[in-house]
Each structure stands twice: as structure tokens, then as C-alpha cells.
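Engineer: Sequence and predicted structure, then a few things I'm wondering about:
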Amino acid sequence: MNLQQFRFVRETIRRDFNLTEAARSLFTSQPGVSKAILEFEDELGVQIFERHGKRIKGLTKPGAAVAQVVERIMREIENLKKVSDEFAQRDEGSLVIACTHTQARYVLPKIIPAFRQQFPKVHLSLAEGSPPQLAQMVLHEQADLAIATESLALTPGLETLPCYTWEHTVVVRPEHPLAALARKKGFALTLEDVARYPVVTYDRAFSGRRSVDRAFEEKGLRPDIVLEAIDADVIKTYVDVGLGIGIIAGVAYEPLRDTNLVSIPAGHLFGLQTTRIALKSGVFLRDYVYTLIAMLTPELSERQVRELVENKQEK
């Protein structure tokens, strides 16, 4: 057995059993991958993959068990590399943050400059996507951590920490009837108020959209959602051109910039949302990753973050 065989088996599984794609991602030939896998199966004495002719269709029962061991071995090898880097080049390296547009646009700009000042030799990358895509990036170690509101806590293989809480807000043009009502003392927005107008809001995978849908369903209301988008900037743009009223994350409303819009608090309608940080279970983290997490969770010290993550990974 050798590491190359382990690498080929893992990548074949990750590429949905497509040997051509696995070979391409590993910068080798498809026949080479196929031969290495067959030799590995011969050495083990069990068939790892189910086949239909020359095509691999899935994992056999023993193959599923082998795949788990291979994944563990490869993860520990990668951990060894990270341990080496941590002590050889303590303040150097790379950090890939998987995040939604909301985090990239409104949250991380408040954090990254301070992080860069402390770790100027760490190369940062942002990988944007939907929450399910972010979870897969971390699971496949294409990203070191993910930040999102949905999906992360429900994904097997990830450990998550609460990052911050936020509430939705409704945004309208200043001349909109709801803006006039909002200026009245004691006014509290209702779901019925919102349902009277066309709505522009997030796609179903983003920024607490499930909570929005659930609130209307529980009231027996069906809002007229005329446009769904994956980021608040698009939503605000279409509210500004008169398409409807917007429901966005409160962190995405900036009074100094969004002077063409009025924000009406809606947390009492859609509840408190929690954005979480996700890490792959069992993965060694460089010190600067703990520092970034502590910056994102200001109520926790770096020592507390480290204890929480390590306790989760031991369970």
C-alpha cells in the first residue's frame, strides 16, 4: 500500500466515481488511476468499487469501510504537514475562507484588515458560494473554514461555532407608504403590512430565508415574492428601481451608503438568526486560524475558541 493509492481512491470518490475527472484533478492519466486502484484492491483482497463494465458505479459494502479509513489516513497526513508548517513557518501560510456574499461584503471587511496587520505573510482567499456549497468546500478541504447562516450546523463531518446573531430588516424607498408609517411613534411592522406589497428577498438557500417563509406560512399569508437574489446589494438595487420592498439581513443595511432607502426593523417578525463558523472535524488548525475565529467571535477569547474547537474535535 502507498499514499498514491490512498490519494487516488479518495479523489475517485470525491469526483463521483468519474475516473477521468479524478485523474484530471490529480494531474495524472486515467489508466494510471484505474491501475493503481485495481492493485490496491488486489492487495487488500476486497473489491472497493462496484463496476458496470469498465465504469465505476459506487462503493461496495467493504469499500465504504475502506473509504472511511483512507479519508482518516489522508486527513492525518495533511495534519502532519500543517503541524510542520506551524512550527517551521509560524506566521506564514495560506487561509481560504468560504463565505456567502453577505459575509464577504459586510462582515469580513471589518475583520480582515486587523488580521492582515497581525499576519501580513498569510495569503488570504475568499471563496463565495451558497451555504451547501461552502459546507462541501470545507469537507473537501478546499477551504479552511466556512461562514454562513444556513446548513453548516446540519452537515455531518463539520464542527460549528456561533459567530454572531442578527435580525432581518425591511427596506423601502423613502416615499413608500411603509416609510411614512415607520416614522410614526410606536409603529411596529406586521406580516400583513409586508404581504400587501411585492417583495424582493433572498434565494431560499441564503440569509435566513427559511425563517421568512416559515413566518408567513404560520400566519397563513402568501407574500408576492417577485424576485429572489443571492445577495443584499442586488435586492437593494431592485427596491431602489421600484420593483418592490426588500427583506434583507440587518447587517447589509448601511445608513451612510443606503441613503436612498429606509430601513424598518423586522426581527420581531422573522426571529433572531445565528451565523456560524464551520471547520472540518479532526483537522489541525494553524494558530492564525484560531486568531481569525476569535476576531469573528469577539465575545470569546482566542484561548476559549481553542478550547471549544479542541473539545468538539475530541468528541
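Structural biologist: Received the coordinates, thanks.
Engineer: which residues of the stretch 101-250 of the chain fall in strands?
Structural biologist: For the stretch 101-250 of the chain, the strands defined by DSSP state E, counting those that start in this stretch occupy 122-128, 145-148, 158-166, 168-172, 199-202, 225-229, 245-249.
Engineer: For the last one, the averaged confidence score.
Structural biologist: When you say that, I think you mean strand 245-249. With pLDDT averaged residue by residue, strand 245-249 scores 96.
Engineer: Now the element after it, going C-ward?
Structural biologist: Sequence-wise, the next helix or strand downstream of strand 245-249 (DSSP states H and E) is strand 262-265.
Engineer: Buried residues, that following strand. List them.
Structural biologist: Neighbour-count burial for strand 262-265 flags V262, S263, I264 (criterion: 16 or more other C-beta atoms under 10 Å). All C-beta spots, glycine's among them, are computed from the backbone N, C-alpha and C.
Engineer: Stretch 158-166 now?
Structural biologist: L158, E159, T160, L161, C163, Y164, W166.
Engineer: How about residues contacting that stretch?
Structural biologist: Applying C-beta atoms under 8 Å, 6 or more residues apart in numbering, the set of residues contacting stretch 158-166 from outside is 107, 135, 138-139, 146-147, 152-153, 249-251, 272-281, 293, 296-297, 305, 308-309, 312-313.
Engineer: Buried members of the residues you listed into ChimeraX, please.
Structural biologist: Entered in ChimeraX, the line below selects the buried ones among the contacts of stretch 158-166, by 16+ other C-beta under 10 Å:
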select :107,135,138,139,146,147,152,153,249,250,251,273,275,276,277,278,279,280,293,296,297,305,308,309
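Engineer: From the contacts of stretch 158-166, which land in helices?
Structural biologist: Under the assignment DSSP state H, the contacts of stretch 158-166 contribute A135, V138, L139, I293, L296, V305, L308, V309, K312, Q313 to helices.
Engineer: What is the nearest of these to N18?
Structural biologist: Nearest to N18 out of the ones in helices among the contacts of stretch 158-166 is L139 (C-beta to C-beta; 18.1 Å).
Engineer: Quick check: chain neighbours aside, which residue is closest to that closest one?
Structural biologist: Distances taken as C-beta to C-beta, 6 or more residues apart in numbering place G157 nearest to L139, at 5.3 Å, with adjacent residues excluded.
Engineer: same thing with T149?
Structural biologist: Distances taken as C-beta to C-beta, 6+ apart place T275 nearest to T149, at 4.9 Å, with adjacent residues excluded.
Engineer: Residue ranges of each domain in this structure, please.
Structural biologist: According to automatic domain parsing, the chain comprises the domains 3-83, 91-163+274-314, 168-271.
Engineer: Tabulate the strands of the stretch 101-250 of the chain (JSON lines), appending distance to V70.
Structural biologist: Converted to JSON lines, the strands of the stretch 101-250 of the chain look like this (distance: least, C-beta to C-beta, whole Å):
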{"stretch": "strand 122-128", "distance to V70": "25"}
{"stretch": "strand 145-148", "distance to V70": "24"}
{"stretch": "strand 158-166", "distance to V70": "19"}
{"stretch": "strand 168-172", "distance to V70": "43"}
{"stretch": "strand 199-202", "distance to V70": "38"}
{"stretch": "strand 225-229", "distance to V70": "40"}
{"stretch": "strand 245-249", "distance to V70": "40"}
